[in-house]
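K.L.:
The following block contains a protein sequence and its predicted model.
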Amino acid sequence: MDPQTVPGLIKRNAERWPDKTAMCYKDFGVWHRYTWLQYFQKVKYFSLGLIALGLKRADVVALIGDNEPEWFWAEFAVQGAGAIPTGIYVDAVPEEVKFVVNHSGASFAIVNDQEQADKFLEIHAETPQLKKVVYWDPKGLKNYDDPLLISFPEVLELGKAFEREHPEMFEENLNRIDPSDTAFIYYTSGTTGQQKAAMLNHRALIATASGFVTRYPLDDKSDLISNFPAAWVGDSFFATIPHLISGARLNFPEEPETIAADTREIGPHFVIYGPRQWEGVVSDIQVKMMDAHPFKRLAYRTFLPVGYRLAEARLSGKDPGAMWKVLGKISDGLMFRPLKDRLGLSRVRCAVTGSSVLALDTFKLIHAIGIELRQNYASTEAGFISSHSGGEIAFESVGRPALNTEVRLTAEGELFVRSDCMFSGYYKDEAKTAESFAPGRWFRTGDAVNINSDGHIIFLDRLKDMGELRSGVKFAPQYIEGRLRFSPYIKDAMVLGDKDKDFVSAIINIDFSMVSKWAQNNHLNFTTYVDLSQKKEVADLVTKDIARVNGFLPEHSRVRKFVILHKEFDPDEAELTRTRKLRRGAMYDRYKELIEAMYGEHQEVKVEAPVTYRDGRKGVVTTSIKVREL
């Protein structure tokens, strides 16, 4: 039988493929390779080194840093010691780091670099339980002499020395791990307020990843990219654990800024991006076409309808006819294949989107250029819920339920789920855990869905976020927001409406890079983001895109008024979660006056918005925001 614990999978792979490449990491432009045996040894010695420093079974260890091999060696090493890792997002401010460390009771921290080490040094007086902070990138830390700090290589050496005195300890520790032991504590995105700490055991992580690999076959010859935040559960579900189960190579881009170029070098067989990343891919295509030679722009506009026609035929199982097939080969050779190569997606067998529902327009365009994109539906607590299978892709759905996953729809339209993928409960919150389950161990997802006659799940929105106007008309904010973000000029949107309101409105974020380029091309002078956002010409540009989206909506759920915000939504100001989801409750409170103005008779409203900068400084932005009406 295959191992039922995460570190056990690494040991199995080291025995099965000792000399096969397991990880590739780019540093200073050079790709470095690590075999499964080297991988296992790093995990083993780091685990023993932590034990030598005082790590005990069931202790919690906090990790924060970029996606690099050391993060994952450390994560699995902690699990191998019978302890519990928990992740913190790299852009978390010290106050957020302190919350996770104190709530989890973390006794050790493992960090990327000087920036992350400084956060722990700043909060150390308020986190006295911390024994050591281990860093793996020494740049900038050479002259630090705080006894709290120790380097990654030093811990590895401690582990090698410890093994000489306790030669069988690591293997004994692996044998002591039970599949029901907590493998990771994931702090949820916090869309409704304070983060919750979801505990997932080894069985749940492996069951979720196994269900995923069943739908998306991977093997030891496949290449994956590690591009999700390592602290997010999606990385474990759809990248890291599938990599361990299948033996697929896990590749690490050098920097977030080099992901596109590095992806092109890797040529992955499979990619999974979040909706915002796919929207970024589409935006990148649109930007390139705006700047392209007129001949290329003409070719794109000519061949894209061909792509749409062929994609529609593929998905409906119809024969497009000989003429369209010929046009398809021409368009693929002249336009779509070079375009996919530029995006690093030329070898992709299939691609996946997850986290939240992808806008229909984005979904269709990705298929039109020849990439088989499928929708995944999962959550931290419920694991892998559903996805499209090959030949069963429906744009409006999130696919059929995953293998061994039971689903149930309540009279209120809420989805209940039951499977081996589910979490164990919320750390230190038994009351919240009990609230999350219905009798029969059904997990309450809080999601409003429909299930069609083909067994596909149609995701509408979070149940609490479903909009309803005074007239009783209902609407799905996420659906409208997704279609708005398809515009190259709209970066983000929040759609509003309530039982005491008569119409739908929206707060819009412009995409500064795209709108500023448009402004320059049209000789529109501006100074700053704030100045550009309030220009009438920009409002007219956005109005056209809102009118386009309104064309897909029932009359009474169309956007009637909007404002263009003077700034971008920002996770540092609690407007977005660290996974870039809207925190609607916080947004309603923060922009209360602005929202009231849209539903009143005001033509503009002065806004004084507190701003928190990355270095912790606070400031205030004051401007007049105009209310626009369609």
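P.N.:
Thanks, I have the structure now.
K.L.:
Next, give phi and psi for residue 298.
P.N.:
phi -60, psi -40 (degrees, to the nearest 10).
K.L.:
And for it, the neighbour number?
P.N.:
Number of residues near residue 298 (other Cβ atoms under 10 Å) recorded here: 11. (C-beta placed from N, C-alpha, C; glycine too.)
K.L.:
what's the answer for residue 543, then?
P.N.:
15.
K.L.:
Could you do residue 115 as well?
P.N.:
Neighbours of residue 115 under the rule other Cβ under 10 Å: 14.
K.L.:
and what of residue 460?
P.N.:
By other Cβ under 10 Å, neighbour count at residue 460 equals 20.
K.L.:
Relative to residue 234, how far out is the residue most central in space within the chain?
P.N.:
Centroid-nearest residue in the chain, with Cα atoms, centre = their mean: residue 274, separated by 4.9 Å. According to Cβ to Cβ, to the nearest Å, residue 274 stands 7 Å off from residue 234.
K.L.:
so how far is residue 590 from the residue of the chain most remote from its centre?
P.N.:
In the chain, counting by Cα atoms, centre = their mean, residue 165 sits farthest out from the average C-alpha position, at 42.9 Å. For residue 165, the distance to residue 590 (Cβ to Cβ) stands at 57 Å.
K.L.:
Where do the helices of the stretch 301-450 of the chain begin and end?
P.N.:
Taking DSSP state H, counting those that start in this stretch to define them, one finds helices in the stretch 301-450 of the chain at 322-331, 337-342, 360-368, 430-435.
K.L.:
Tell me which of the ones you listed sits most buried.
P.N.:
For the helices of the stretch 301-450 of the chain, average neighbour numbers computed from mean count of other Cβ atoms under 10 Å are highest in helix 360-368, which has a mean of 21.
K.L.:
Residue 69 is in contact with residue 252, correct?
P.N.:
Yes: Residue 252 is within contact range of residue 69, at 6.5 Å (criterion: Cβ atoms under 8 Å).
K.L.:
Which neighbours do those two have in common?
P.N.:
Shared contacts of residue 252 and residue 69 (Cβ atoms under 8 Å, 6 or more residues apart in numbering): 23, 25.
K.L.:
tell me the phi and psi of the residue farthest from the centre of the chain?
P.N.:
Residue 165 adopts backbone torsions of phi -90, psi -20, taken as degrees, to the nearest 10.
K.L.:
returning to what we had before: and the helices of the stretch 301-450 of the chain as CSV, adding mean pLDDT and distance to residue 29?
P.N.:
Listed next are the helices of the stretch 301-450 of the chain as CSV, based on pLDDT from 0 to 100; distance: least, Cβ to Cβ, whole Å:
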stretch, mean pLDDT, distance to residue 29
helix 322-331, 92, 35
helix 337-342, 88, 20
helix 360-368, 86, 30
helix 430-435, 94, 47
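K.L.:
Quick one: closest of those helices to residue 130.
P.N.:
Residue 130 sits nearest to helix 430-435 of all those, at 26.0 Å, using Cβ to Cβ.
K.L.:
Show me what that closest one is packed up against.
P.N.:
In terms of contacts (3 or more Cβ pairs under 8 Å, 6 or more residues apart in numbering; DSSP states H and E), helix 430-435 is packed against strand 425-426.
K.L.:
ok, and what's touching the strand it packs on?
P.N.:
By Cβ under 8 Å, 6+ apart, the surrounding residues in contact with strand 425-426 are 196-199, 432-433, 436.
K.L.:
Show the buried residues in the residues you listed.
P.N.:
196-199, 433, 436 (16 or more other Cβ atoms under 10 Å).
K.L.:
Tell me where the stretch 51-200 of the chain has helices.
P.N.:
Remark: helices assigned in the stretch 51-200 of the chain by DSSP H, counting those that start in this stretch are 69-80, 94-104, 114-123, 152-165, 169-176.
K.L.:
which stretch among the ones you listed comes nearest residue 225?
P.N.:
helix 69-80 (13.6 Å).
K.L.:
just checking, what packs against that closest one?
P.N.:
Using 3+ Cβ pairs under 8 Å, 6+ apart, helix 69-80 sits against helix 6-16, strand 21-27, helix 36-52, strand 60-64, strand 84-88, strand 108-111, helix 169-176, strand 182-187.
K.L.:
Please identify the deepest-packed of those.
P.N.:
The highest average neighbour count among these, using mean count of other Cβ under 10 Å, belongs to strand 108-111 at a mean of 27.
K.L.:
List the pairing partners of it within its sheet, with orientation.
P.N.:
Next to strand 108-111 in the sheet, as set by DSSP bridges, lie strand 60-64 (parallel), strand 132-135 (parallel).
K.L.:
Tabulate the ones you listed in TSV, adding columns for mean pLDDT and distance to residue 227.
P.N.:
Converted to TSV, the strands paired with strand 108-111 look like this (pLDDT from 0 to 100; distance: least, Cβ to Cβ, whole Å):
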stretch	mean pLDDT	distance to residue 227
strand 60-64	98	17
strand 132-135	97	23
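K.L.:
To residue 246, which of these lies closest?
P.N.:
strand 60-64 (23.6 Å).
K.L.:
which residues are contacting the closest one?
P.N.:
Against strand 60-64 from outside (Cβ under 8 Å, 6+ apart): 50, 55, 71, 74-75, 78, 83-90, 92, 97, 100-101, 104-112, 116, 119, 185, 230-231.
K.L.:
With just CA atoms, put that strand into CSV.
P.N.:
Extracted in CSV, the C-alpha atoms of strand 60-64 (Å, rounded to 0.1, in the frame of the first residue of the first chain):
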residue,chain,number,x,y,z
VAL,A,60,3.5,24.2,16.1
VAL,A,61,6.1,25.7,13.8
ALA,A,62,5.3,28.9,11.7
LEU,A,63,6.7,29.2,8.2
ILE,A,64,6.9,32.4,6.1
